[in-house]
Structures are given as structure tokens and as C-alpha cells.
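Visitor: pasting a predicted model and its sequence here:
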Amino acid sequence: MSRKFRVNKCIGSLCFLCLLLIVSLCICSCTSENSIFDNDNTKLLNFSVSIPEWKNNDSSSDLNTRAMPVSGSSFDKASSFNLIADVYDGTKNYSTIIKDEAVSYTNNMWKTTSTHYWPGTANNTVNFYAYYPIDISSSITHTAGSAPTLSYTVPNDVASQIDIMTATGTNVSGNTNSSTPLSFNHIFAAVQFSVGSAGMPNGTITGIALNNILYKGTYSLNGTWTQDPTSKKSFSQTVSVSTNAGTAITSGTTTFMTMPQTLGSDASITVTYSNGGTLTKTISGTWEAGKAYTYNISKTKSKIFDYTGYIQAYIVPLTGTYKLEVWGAQGGNGGYGGYAYGNIYLTQGNILYFCIGGAGTFNLNGSILSNPLTAGYNGGGYGQCGGGGATHIAMTNRGVLKNYLLYQGEILLVAGGGGGGDNGGLPGAGGGINGSDASAGGSGGTQTSGGVGIGNGSFGQGGNIETTNDDSAGAGGGGWYGGGSSTQPGGWSGGGGSGHLGSTLISGTTGMSNGVKSGNGSATITFVSAN
């Protein structure tokens, strides 16, 4: 009796296919496979282990993203992951036979900590759910017959934002006698930053932040996320990188690991410089799990202001040193506008006001009385050959330059406009410390007085020609002090207006020159350095 019992027990065990539950690992989005072990004398098991790659937004490979969930360059023998397994009884009931149990490489095979057996019949199917790393088990909840769920809140500290991977194998036949593949997937999106090819304003970047990002939700190991749409926050980290084009701001362990999501209208990024200045930019789009998104950040270093006929405002985007450049306008048929430049230290949020000079007009038909608009905007004198307007930058908005007579300290720099020209003599060019004199006609403006002519120049205004028989005489160019108009009512030219350098400009960085700009004036502001 006793012997018969033992024999039947052995036969029953063989019929039950007493096979160890052995799991082969396959990481999705991978390109290469390697054998786990060198010798496999049994020929029973083969394990395909692949490098867990991330994919860029265009689905190309990104091997540099922080994503290695295990030591080494591949999923190796030192790794472990947790496993949950539910068995279906073939009718209507599920039972959990493996609960958050570690799977590791032992005795030349990947196996659970405890020994488990296949059910032995095709009707008894098994659902497998695996996750890495194993220390998230306290956040995993599971009911037999349903996919486990992970409740997750993205940590504030970027270094603590781990790369979680999961794998699912469902309805696996209970009479399986070979290894069961589990295809792992990254459940987060990876976000990185680099300095774009156009570069950034010179300085040292000391901080990078993602603002108004969803950070709380639940993930079902069947592959779906449910985010809490009311939970948003900013994630930042300290860095220390140069602003050279192509420099990685975040990479590897400093990669932001974020929940997949469609970014809201309030999502943005902020770059912080060593002097405390910041640049913020709105971002949009959708982040998908398993993809790496690299934001190449560039900031235009210069802004050009062309003639518009009205005041233009500029808000300083970042605290630091800026180079200001201004060019005055050309007089009608006349002298070229002047040039002035200088560096200035500005604080983020300061507002500068740009007034760009308009070119003087050249009109030989009719008198000044019948065509009174022959003058360049911003101080060009009136005449049939109108004076060119000055270009200035100010810390306030009081309109054209002549309105600053009692507020001269608010002006940062000025480039003079050229005098209106006539064939009877060469017109004066805009300045410069002094506007140039016409070879036959009005004199140029200086730092303290306007040029002399039929119409004398004054602060911010070129001299006018106002007689009814003026013929084609030239008016004075606008400037810090405007040039004088022609000294005769017909046939002669006006003098150029002077330029100016304000006291707030950085010593040793300034300069002026005469007669360099044709047509309308212009101005440029260029970020020099945040250091």
C-alpha cells in the first residue's frame, strides 16, 4: 500500500508537469540581444536580454538618456524584479499564486524566490505582471484577476525620479513547458535640455525648471495612465554649464522623469543664470511613455529696431550687460546718418524705448508751404530737402528727442541725422560728437548747441527752411543738437545733427562716428554677458 502510494505520487507529479516557473526577459524598444549564459547543456532555456533603449520623439534611438534600470550596459545577472501571477481556474475564478515576489538569476536561470509550478492544463491560464525596481512594491495594489496598479507621485528631487519599467504576459497557457517572455516598457517620458545651435546669451546656466507639470496619478500594469488633472507643480534642479552651443544642460541622472501627458497652456521652462536672471518660455505638445524629449534652448542675442514712425518698447529679458547701437537717418538727397554705441548693465524687467529716425525727403515740386511734411521723423528739419531724423534710446517714453530738453539724463545714446542736400553744396553728415557742416550751407550741431543757418538747430531738432521761395535748400539733420539749415533760401544744404553718449554707459565701451547710414535709421540691442 505504501509503495503504491509513492508510485502514484511520482506519476501524478510527472503528469502535472512539475516545471519551474522560469521567465525570460526582453526589454522593449531595444535593438540588440545577448545570451545570458555561455553554456546551456540542457537546451531547455534561452534568455534574450536586450539593452533598454529610449526612443527620441522621432522614434530614433537615444542611448544617452538616463534609462539604465540595472547595473552594467544591459539587463544582467545582478538584476532583480518583482512578479505578480494570477491563475485562472478555467471557469470563473482567479487566484494569486505569486505576490510581489523577486525574480533573480540563480543557478543559471531566472526564477522566483520560492519554487512554483505550472498548473499543467491549458484551461488553467496564468497572467504575469512584472515591475522594476522592486522597492516600489509598497505603492502597488492588486486584486486577483485584474491588472495591478501603481499609485505614483513624481519626487521633487530630480535625482530621485527613478526609471520604472513594467511587463505583462496574460492568458499564458497552463501547460506551457518553455520560458515565458516578458517585454518590459518604460512607463515615464524622459525630458532633457541642451543649448541649441544658435547658442544662448553668454554666461553660466545655474538652474533649469519645468513648470506646471502633471505629477500625480495611477498606472495600470496593463499599460495605461490615469493622471490627476488638478495636480501640477514645477520641478527644478541646480546645474552649472556654459552657454556654448551644443552643451548638455541635463543628461543621464539629471534627466527629468515625467508622467506621460499633454502639456497645458501654462506649461513652461525656465533657465536661470548665475546672476539670478531668468528666461522663461512656454512649451506645448504631448509626452509619451518610453520617449526622450530634448529641448534645444536658444535665445536670440540681438534685436534690431527699424524705422516705424513711433516709439518702440523693449523689455530686458535677462539681467546682464548689453551693447546698444544706434544709426541716424539720411537727409533728403543729403548727408548720411551718424553712429553711436556703448555697453550698459541692465536689470531684467527694465524697459527701454527706441525712437528710430526717418530719412528726410527730397521734393523739388512746390514750396515748403504746399508740402509741409518734408522732414525726417525725430527731429529732421523741414525743407524741400528735409533733414534726416536722429535715432535715440531712452529709459522713459516722452516721445521724440526734443521732448527731453528738461530730462536729458533719461537719454542713453543718440545718433545724429544727416542734413538735407542740394546740388549747390555737400550736405553735412550726422554725428558723432559734432554733426558735420555742409560745404555750402548750415553748420553741424554740437554737444551744447544747434547748428546755424536760416533756421538754427536746437536740442533734438534740425533747423527748418520756412520761406516761400526756398527752392531746393536743405534743412538741418536732427540730433542731440540739430544741424542748421541752409544759409540761403535756395541751392545750399543743411548741417548734420550731433550724436550723444549718456553717462550710464560703461566707460571704455563707447564710441561714435559720422556719416555711416543711408536711408532710415535703425538700432540694435545685443546681449553681451550675464556674468
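Guide: Looks like it arrived, so ask away. Given the structure is predicted, the values throughout are model-derived calculations rather than measurements.
Visitor: confirm that Gly483 sits in a strand.
Guide: No: residue state for Gly483 (DSSP: H, G, I helix; E, B strand; the rest coil) corresponds to coil; a strand is not indicated.
Visitor: next up, the contacts around it.
Guide: 381, 387, 416, 419, 428, 430, 435, 438, 442-445, 450-451, 453, 457, 462-463, 476-477, 494-498 (CB atoms under 8 Å, 6 or more residues apart in numbering). For glycine as for every other residue, the C-beta is placed from the backbone atoms N, C-alpha and C.
Visitor: now do it, the pLDDT please.
Guide: The score at Gly483 is 98. That number is its pLDDT.
Visitor: I'd like to know how far it sits from Val414.
Guide: 13 Å (CB to CB, to the nearest Å).
Visitor: swap in Thr294?
Guide: On the measure of CB to CB, Thr294 and Val414 end up 45 Å apart.
Visitor: again, but for Asn212
Guide: 43 Å.
Visitor: comparing those two, which residue is more hemmed in?
Guide: It is Val414, of Asn212 and Val414, that has more neighbours when counted by other CB atoms under 10 Å, with 35 against 16.
Visitor: ok, now which ones touch the more buried one?
Guide: Val414 makes contacts with Val326, Gly328, Ala340, Ala390, Thr391, His392, Leu401, Gly479, Trp480, Ser498, Gly499, His500, as judged by CB under 8 Å, 6+ apart.
Visitor: tell me what it is bridged to.
Guide: For Val414, the beta-bridge partners are His392, His500 (DSSP bridges).
Visitor: check it and give its pLDDT.
Guide: Predicted confidence (pLDDT) for Val414: 98.
Visitor: switch to numbering from 120
Guide: Shifting the count to begin at 120 puts that one at Val533.
Visitor: what's the distance between it and Gly598?
Guide: Counting by CB to CB - Val533 and Gly598 are separated by 6 Å.
Visitor: now the common contact residues for these two.
Guide: Contacts common to Val533 and Gly598, judged by CB under 8 Å, 6+ apart, are Gly447, Ala509, Leu520, Ser617, Gly618, His619.
Visitor: switch these over to a markdown table; also include distance to Thr374.
Guide: Listed next are the shared contacts of Val533 and Gly598 as a markdown table, based on distance: CB to CB, whole Å:
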| residue | distance to Thr374 |
| --- | --- |
| Gly447 | 51 |
| Ala509 | 52 |
| Leu520 | 52 |
| Ser617 | 57 |
| Gly618 | 51 |
| His619 | 51 |
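Visitor: which one among those gets closest to Gly326?
Guide: Nearest to Gly326 among these: His619, at 39.0 Å, using CB to CB.
Visitor: what's the neighbour count on the closest one?
Guide: Neighbours of His619 (other CB under 10 Å): 26.
Visitor: and for Gly499?
Guide: 42.
Visitor: one step back: quick one: buried ones out of the contacts of Gly602?
Guide: The neighbour-count test (16 or more other CB atoms under 10 Å) marks 500, 506, 535, 538, 547, 549, 554, 557, 561-564, 569-570, 572, 576, 581-582, 595-596, 613-617 as buried among the contacts of Gly602.
Visitor: for Gly518, see how far away Gly540 is.
Guide: 27 Å.
Visitor: the more surrounded of those two?
Guide: For the pair Gly540 and Gly518, the greater number of neighbours falls to Gly540 (31 against 15), based on other CB under 10 Å.
Visitor: domain-wise, how is this protein divided?
Guide: Per automatic domain parsing, the structural domains of the chain span 135-156+164-305, 308-335+344-416, 419-650.
Visitor: return the most buried member of those.
Guide: domain 419-650 (a mean of 26; mean count of other CB atoms under 10 Å).
Visitor: pLDDT weak spots in this protein?
Guide: Counting by pLDDT under 70, the ranges of the chain that qualify are 120-195, 238-239, 483-492, 586-591, 650.
Visitor: quick one: the residue lying closest to Ile203 once chain neighbours are set aside from Lys636, how far?
Guide: Nearest residue to Ile203, sequence neighbours excluded (CB to CB, 6 or more residues apart in numbering): Tyr248, at 4.4 Å. Here Tyr248 is placed at a distance of 72 Å from Lys636 (CB to CB).
Visitor: what do you get for Ser622?
Guide: From Ser622 to Lys636 the distance is 24 Å (CB to CB).
Visitor: ditto for Phe200
Guide: For Phe200 relative to Lys636 (CB to CB), the value is 70 Å.
Visitor: doesn't Gly508 make contact with Gly450?
Guide: No: look at Gly450 against Gly508 with CB atoms under 8 Å: they stay out of range, at 9.3 Å.
Visitor: next, the distance between the ends of stretch 362-382.
Guide: 27 Å (CA to CA, to the nearest Å).
Visitor: before we move on, what about stretch 199-213?
Guide: Counting by CA to CA, the terminal residues of stretch 199-213 are separated by 26 Å.
Visitor: list of residues touching it?
Guide: 140, 142, 214-223, 231, 235, 238, 240, 242-253, 256, 259, 261, 263-264, 267, 293.
Visitor: now do the shared contacts for Gly450 and Gly508.
Guide: Common neighbours of Gly450 and Gly508 (CB under 8 Å, 6+ apart) are Ala478, Gly479, Gly495, Gly499, Gly536, Gly596.
Visitor: surely the last one touches Asn497?
Guide: Same thing as Gly596. No: assessed by CB under 8 Å, Gly596 is found out of contact with Asn497, at 10.4 Å.
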